[in-house]
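Novice: this is a predicted model, with the sequence first.
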Amino acid sequence: FGAQILSTVDVPRNAGNNTSVQHVNPVREVGNTKIVGFCNYNYRSVGKKWYVRLARMGYTTHVLVATDSKMKSYLESQTYRFDAALAEPIPPKFDGKRKTKRDRAELELLFAVRWKYLLSQLEKGIHVLLTDVDNIFSKFLNLKDKVEDFDPSVDIWFAYATKYPNKVFAQQGFTVCGGMSWWRASKPAIEFARLIHESCGIMCDDQRLLNNLLLQVNMTWEWTPKVLNSRVQDGDERFVGLPTLGLMGQSARMGYKARIWDRDFAFRGHLQPDECPKNNWISMPIVDAKSRYQNWIAKLNSFDSWDQHCGKS
């Protein structure tokens with residue numbers, strides 16, 4: 001599939017204009033986790049916010065991945081570490097379609113690029129923390145101790161999502177987030193990443209695809225009484241019935257082992273929840289915008305809103 005994967009700019013450099021962030025080390029790829037956030041030109045302000053936030057927390061292996069040529073050119077004039085993985089153009093079948101359909105097509109083209117990029121990195125022996133650039137990191141985490149070596153048998157770590165796709169939730173009891181996961185450069189993880197990439201093609205709804213594939217690869221999840229009793233009992237219907245404690249599972253078809261982080265640790269919920277998550281590492285707050293044009297502004301503002309509401313939790 002034709003998305004272009006270009007080389008990393010991994011030289012230690014200052015982290016952008018009007019910041020005091022200094023990168024001490026270049027990206028150390030093999031035997032370490034590379035943190036990647038995908039970003040097109042229209043989302044550049046959010047991408048920069050994400051990048052600088054991680055640098056100030058002490059992370060040194062994160063990169064922005066430009067998904068269009070305009071973003072690639074922009075980053076070449078800046079001082080951020082970056083890769084370029086350029087999405088395909090919007091297919092001709094969307095010519096003349098209303099803007100919302102073309103915007104959705106552009107998003108699904110970006111989704112496809114990240115699975116192709118992920119596969120390319122895993123095949124090089126690089127562990128990958130795959131994130132959205134609007135995911136909000138709350139603290140520094142030593143990824144070697146807390147993820148890579150925490151359970152060496154685990155090939156993939158996932159984060160809980162809401163109930164979409166609903167049919168998967170009805171069968172599985174939960175869904176995972178397409179934009180937040182950690183992948184070990186192991187053979188079973190590589191094979192699953194390849195299956196996702198090949199199933200997605202040049203564009204797809206990867207949240208739907210990923211979760212449906214979890215059903216197809218015959219995952220067996222360890223539903224202990226403790227996990228069953230952790231399910232949300234009331235409140236927002238988008239979360240009722242979802243577990244809050246993490247799960248462990250294994251694919252009978254592909255052999256990989258997976259774990260899911262506790263919901264408080266990798267939080268998916270309201271931007272200003274009634275109760276802030278404890279021991280939070282990353283939040284993926286639900287942000288409502290009146291239009292897609294305003295979405296990037298709402299996402300940009302969400303970082304400060306989260307810090308003001310839950311920054312001390």
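Specialist: Cool, the structure landed.

Novice: which residue lies farthest from the center of the protein?
Specialist: Using Cα atoms, centre = their mean, the residue of the chain lying farthest from its centre is residue 96. It sits 31.4 Å away.

Novice: what helix or strand is that one on?
Specialist: Assigned by DSSP states H and E, residue 96 belongs to no helix or strand.

Novice: quick check: phi and psi on it?
Specialist: The phi/psi pair for residue 96 (degrees, to the nearest 10) reads phi 80, psi -10.

Novice: so residue 33 makes contact with residue 182?
Specialist: Yes. Counting by Cβ atoms under 8 Å, residue 33 does reach residue 182; the two are 7.0 Å apart. The way it works is simple: take the backbone N, C-alpha and C, and place the C-beta from them, glycine included.

Novice: could you name every residue contacting both of the two?
Specialist: Listed as contacting both residue 33 and residue 182 by Cβ atoms under 8 Å, 6 or more residues apart in numbering are 127-129, 143, 147.

Novice: is it possible to mark the buried ones in those?
Specialist: 127-129, 143, 147 (16 or more other Cβ atoms under 10 Å).

Novice: can you give me how far stretch 41-59 is from the chain middle?
Specialist: Distance of stretch 41-59 from its chain centroid, counting by Cα atoms, centre = their mean, to the nearest Å, is 14 Å.

Novice: list the buried residues of it.
Specialist: Result for stretch 41-59 [16+ other Cβ under 10 Å]: buried residues 41-44, 46-55, 59.

Novice: do stretch 296-313 as well
Specialist: Result for stretch 296-313 [16+ other Cβ under 10 Å]: buried residues 296, 298-300, 302-303, 305-306, 310, 313.

Novice: what would the residues you listed look like in TSV with secondary structure?
Specialist: Formatted as TSV, those follow (DSSP: H, G, I helix; E, B strand; the rest coil):
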residue	secondary structure
296	helix
298	helix
299	helix
300	helix
302	helix
303	helix
305	helix
306	helix
310	helix
313	coil
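
Novice: out of these, which is nearest to residue 274?
Specialist: Minimum distance to residue 274 across these is 10.8 Å, recorded for residue 310 (Cβ to Cβ).

Novice: so the closest residue to that closest one other than its chain neighbours: helix, strand or coil?
Specialist: Using Cβ to Cβ, 6 or more residues apart in numbering and skipping the chain neighbours, the partner closest in space to residue 310 is residue 276 (3.7 Å). Going by three-state DSSP, the secondary structure assigned to residue 276 is coil.

Novice: residues near residue 276, how many?
Specialist: 18 (other Cβ atoms under 10 Å).

Novice: and the strands in the stretch 101-250 of the chain?
Specialist: Counting by DSSP state E, counting those that start in this stretch, one finds strands in the stretch 101-250 of the chain at the ranges 127-132, 136-137, 156-160, 176-183, 219-221, 248-251.

Novice: could you say what helices and strands the last one packs with?
Specialist: Using 3 or more Cβ pairs under 8 Å, 6 or more residues apart in numbering; DSSP states H and E as the contact criterion, the neighbours of strand 248-251 among helices and strands are strand 219-221, strand 257-260.

Novice: what's the answer for the fifth one, then?
Specialist: Using 3+ Cβ pairs under 8 Å, 6+ apart as the contact criterion, the elements in contact with strand 219-221 are strand 248-251.

Novice: sheet-wise, list the partners of the strand it packs on with their directions.
Specialist: strand 219-221 (antiparallel), strand 257-260 (antiparallel) (DSSP bridges).

Novice: what's the closest of the ones you listed to residue 84?
Specialist: Evaluated over these, closeness to residue 84 peaks at strand 257-260, with 29.5 Å, by Cβ to Cβ.

Novice: which other helices and strands contact the helix or strand just after that closest one?
Specialist: Downstream of strand 257-260, the first helix or strand assigned by DSSP H and E is strand 266-267. Other elements packing on strand 266-267 under the criterion 3+ Cβ pairs under 8 Å, 6+ apart are strand 282-283.

Novice: hmm, back to that, mind checking which of the strands of the stretch 101-250 of the chain is nearest residue 74?
Specialist: Of the strands of the stretch 101-250 of the chain, nearest to residue 74 by Cβ to Cβ is strand 127-132, at 19.0 Å.
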